[in-house]
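A.B. asks: Fold the following and give me the result.
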Amino acid sequence: RPSPPPPPFWGCPPAPGPPLPPLCAPSCGVPPAWAARLGATGFLISKCCLPLFKAKPGKAKRVRTIFSSEQLARLEQEFSRQQYLVGQERCLLASSLHLTEEQVKVWFQNRRIKWRKQSLEQQQAKLAKMGLATPQR
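C.D. replies: This is a model prediction of the structure:
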């Protein structure tokens with residue numbers, strides 16, 4: 001039976017300290033089920049646990065964050081209120097969603113790009129309806 005995951009490490013800003021140890025020893029065999037999920041939160045993962053993650057020496061490979069539907073709903077709600085979150089607002093939102101500030105920052109960056117793309121497509125659709133569309137590049 002795999003051991004339970006360590007307690008989450010949330011906070012603003014992270015406390016300075018020694019680097020986190022890998023989740024398992026070099027000869028651990030099959031990684032626990034929660035190991036891949038912890039990788040998404042920024043914890044270091046030992047190369048023995050997930051050999052598919054090839055990283056440059058000294059750098060841990062980032063794993064794509066998978067947001068829960070509750071987290072996404074709250075992020076979208078905040079984005080509709082304002083498209084830029086900085087400082088304390090980002091810290092509080094990250095803390096309340098159990099995400100890192102970096103994850104929230106990147107989500108907002110990606111969401112702004114998506115919003116701009118959607119806006120451009122809507123403008124082009126309106127122009128096309130009026131017969132004023134310009135050919136796409």
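A.B. asks: Any chance of the backbone angles for residue 113?
C.D. replies: Comment: the main-chain dihedrals of residue 113 come out as phi -60, psi -40, following degrees, to the nearest 10.
A.B. asks: any idea how far it is from residue 83?
C.D. replies: Shown here: residue 113 relative to residue 83, a distance of 11 Å by C-beta to C-beta, to the nearest Å. For glycine as for every other residue, the C-beta is placed from the backbone atoms N, C-alpha and C.
A.B. asks: do the same with residue 94
C.D. replies: With distances taken as C-beta to C-beta, residue 94 is found 17 Å from residue 83.
A.B. asks: Give the ranges of residues in this protein that sit below the confidence cut-off.
C.D. replies: The chain contains residues with pLDDT under 70 at 1-56, 133-137.
A.B. asks: for it, what spans make up the helices?
C.D. replies: 34-40, 69-81, 87-97, 101-129 (DSSP state H).
A.B. asks: Ok, which of the ones you listed comes nearest residue 57?
C.D. replies: For those, distance to residue 57 was read as C-beta to C-beta. The smallest value, 18.0 Å, belongs to helix 34-40.
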